[in-house]
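Undergrad: Pasted the sequence and its predicted model underneath.
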Amino acid sequence: MRKLTPKFLDIPLKRRSKIRVKLVVSLVLVVIILILLGIGIVKVNDFFNKNYLQFNQVISIKLQVLVEIKHRETPVSEIIKVIEKIPYPNDLDTPAKKKIFEVFGIENYRLAIAVSQCEGLNHPVDGFNVNTNGSIDVGYLRINSIHFGQKGCSLNEVSTLDGNITCAYKIWDEANKITGDKIGSFGAWVGFTNGCASTKL
């Protein structure tokens, strides 16, 4: 009895090899095509994520009057309002505290008031004390006599409300050797260095 074999096995060996090669080549080509197709889809998707198609009207016909009279408008520049005077906060209940706010500004006034409360804010504006080294401290912010030679810091000036606080700001502002940068230090006041001011905040 004759044994049955698959048709493929009936094909001569040389021809079978050629078919195998064609199948492998075809399979490789299909894989390459699929990879290229995947890359293409990703690229197209990326393109349309960043761009879009806008369809414009090729021809536009607009009917309008040949001559019109129009009112000429004066260009108005943008106006920026600057608040020159910030309203006083609610905790400013004395002229001295209000002056400290005006001079030291909203960023530094609370600490300045705290320092003054540890120094001489509760005493007369022209009140003073004598130090062990013979110098004297005058006024709400106890301006030391070593500063009396500076412009705006004479004894007569620091004995007044305005002069005392203005001179104190000058000393604070110049503490870092740069005038006018609004970055000062209360290091010249014992009421700050001994930690008293932090208890008044």
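TA: Here it is on my side, so go on. Numbering: from 1, shown residues only.
Undergrad: what's the nearest residue to the most centrally placed residue in the chain if we skip its chain neighbours?
TA: Central residue of the chain (Cα atoms, centre = their mean): Glu107, 16.3 Å from the mean position. Nearest residue to Glu107 in three dimensions, chain neighbours excluded: Lys182, at 7.5 Å (Cβ to Cβ, 6 or more residues apart in numbering). C-beta: built from backbone N, CA, C; applies to glycine.
Undergrad: Lys200 and Glu107, how far apart?
TA: Computed as Cβ to Cβ, to the nearest Å, the Lys200 to Glu107 distance reads 17 Å.
Undergrad: One more: Leu201?
TA: For Leu201, the distance to Glu107 - Cβ to Cβ - is 14 Å.
Undergrad: for this protein, what spans make up the helices?
TA: Here the chain has its helices, by DSSP state H, at 7-10, 13-50, 95-119, 155-158, 161-173, 190-193, 196-200.
Undergrad: Show me which residues of the fifth one are buried.
TA: For helix 161-173, the buried set under the neighbour-count rule, 16 or more other Cβ atoms under 10 Å, comprises Leu161, Gly163, Asn164, Ile165, Thr166, Cys167, Ala168, Tyr169, Lys170, Ile171, Trp172, Asp173.
Undergrad: wait, the fifth one sits on Phe104?
TA: No. Contact status for Thr166 versus Phe104: not in contact, 10.2 Å apart, counting by Cβ atoms under 8 Å.
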